[in-house]
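Visitor: only geometry, no sequence info:
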């Protein structure tokens with residue numbers, strides 16, 4: 001079994017977000033980066049599925065050289081080798097296309113991503129990769145089991161769960177519950193230094209989106225407490241101030 005896990009290099013969850021160049025670019029000064037937490041879940045499940053010589057796990061990242069420490073952490077967690085597409089990940093379409101171009105002739109049985117990256121929260125890459133490769137894509141799974149060439153996946157839906165069976169190759173985006181994130185041990189950290197990290201150049205594709213401007217959320221306002229018996233006042237405030245009704 002060959003599994004490809006797509007990982008993103010994202011700001012640590014404690015990062016204070018600011019922008020530069022007239023609010024069109026993310027300010028990277030002083031920012032600490034980590035493996036996207038949802039991608040760590042996908043990676044952990046891939047490692048579990050291939051334990052005991054049952055297969056190999058390759059991680060792929062679209063990014064410049066600054067993302068190498070994040071990739072090395074994925075190798076320390078347990079991936080066998082890594083690929084970095086040497087390019088700025090300008091949008092989900094670009095990232096998905098680069099992953100698909102790499103994977104199209106590598107015969108991976110499974111391609112896993114996190115449900116979304118915690119910086120853009122787009123939940124787009126997995127579905128796009130599936131479309132580019134013309135293979136099934138299952139979004140936001142909570143469980144993944146593999147038996148030979150068949151896989152059973154569970155998704156949460158309103159009022160219950162959906163169980164999907166897939167035969168052959170597929171792409172899936174992983175959410176909480178698929179696996180517990182693994183913490184690299186000292187042996188893993190040491191071995192990660194010598195595991196293969198192959199850098200390839202990006203495939204040229206058209207630019208389909210462009211950031212016009214970023215905005216930070218408005219500061220939180222003061223809290224108004226309304227007596228339980230003052231329903232009319234509450235409705236008036238929701239209409240005139242909050243403007244939600």
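Guide: Structure's in. What do you need? No experiment lies behind these values; they were computed from the predicted model shown.

Visitor: alpha carbons only for contacts and neighbour counts from here, please
Guide: Fine.

Visitor: Give the buried residues for the longest helix along the chain.
Guide: Ranked by residue count under DSSP state H, the longest helix found in the chain is helix 37-50. Buried positions in helix 37-50, judged by neighbour count with 16 or more other CA atoms under 10 Å: 37-47, 49-50.

Visitor: Also stretch 95-106?
Guide: Neighbour-count burial for stretch 95-106 [16+ other CA under 10 Å]: 95-100, 102-103.

Visitor: how about the nearest residue in space to residue 124 that is not next to it in sequence, what does it touch?
Guide: Spatial nearest neighbour of residue 124, chain neighbours left out: residue 92 (6.3 Å); criterion: CA to CA, 6 or more residues apart in numbering. When contacts are counted by CA atoms under 8 Å, 6 or more residues apart in numbering, residue 92 touches 122, 124-125.

Visitor: Same question for residue 27.
Guide: 17-20.

Visitor: Can you tell me which of these comes closest to residue 83?
Guide: residue 17 (28.3 Å; CA to CA).

Visitor: Only whichever of the contacts of residue 27 are buried, select them in ChimeraX.
Guide: Only the buried entries of these go into this ChimeraX selection, using 16+ other CA under 10 Å:
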select :19
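
Visitor: would you list the contacts of residue 27 in a markdown table and tack on pLDDT?
Guide: Formatted as a markdown table, the contacts of residue 27 follow (pLDDT from 0 to 100):
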| residue | pLDDT |
| --- | --- |
| 17 | 85 |
| 18 | 89 |
| 19 | 90 |
| 20 | 91 |
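
Visitor: What is the most widely separated pair among the contacts of residue 27?
Guide: Farthest pair in the contacts of residue 27, by CA to CA: 17 and 20, 10.5 Å.

Visitor: Would you mind finding the longest strand in the protein?
Guide: Criterion DSSP state E: the longest strand present in the chain is strand 137-147.

Visitor: about what we covered before: using a markdown table, lay out the contacts of residue 92 together with distance to residue 231.
Guide: Putting the contacts of residue 92 into a markdown table (distance: CA to CA, whole Å) gives the following:
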| residue | distance to residue 231 |
| --- | --- |
| 122 | 38 |
| 124 | 42 |
| 125 | 45 |
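
Visitor: what's the next secondary structure element after the helix-or-strand element of the chain with minimal mean pLDDT?
Guide: Ranked by mean pLDDT, DSSP states H and E, the helix or strand of the chain with the weakest confidence is strand 25-26, at a mean of 88. Per DSSP states H and E, the first helix or strand lying C-terminal to strand 25-26 is strand 33-35.

Visitor: ok, and what's touching that following strand?
Guide: 7-12, 70-71, 73-74.

Visitor: One more: stretch 114-123?
Guide: 6-8, 10-11, 36-42, 92, 124, 139-141, 173-175.

Visitor: mean confidence for it?
Guide: Mean per-residue pLDDT for stretch 114-123: 91.

Visitor: Now the terminal residues of that stretch, how far apart.
Guide: Terminal residues of stretch 114-123 lie 8 Å apart, using CA to CA, to the nearest Å.

Visitor: Which secondary structure element is home to the nearest residue to residue 164 once chain neighbours are set aside?
Guide: In this structure, residue 164 finds its nearest non-sequential neighbour in residue 153, 5.1 Å apart by CA to CA, 6+ apart. According to DSSP H and E, residue 153 maps onto strand 150-157.

Visitor: In that strand, which residues are buried?
Guide: 151, 153-155.

Visitor: returning to that earlier point: can you give me the offset of the least confident helix or strand of the chain from its chain's centre?
Guide: 19 Å (CA atoms, centre = their mean, to the nearest Å).
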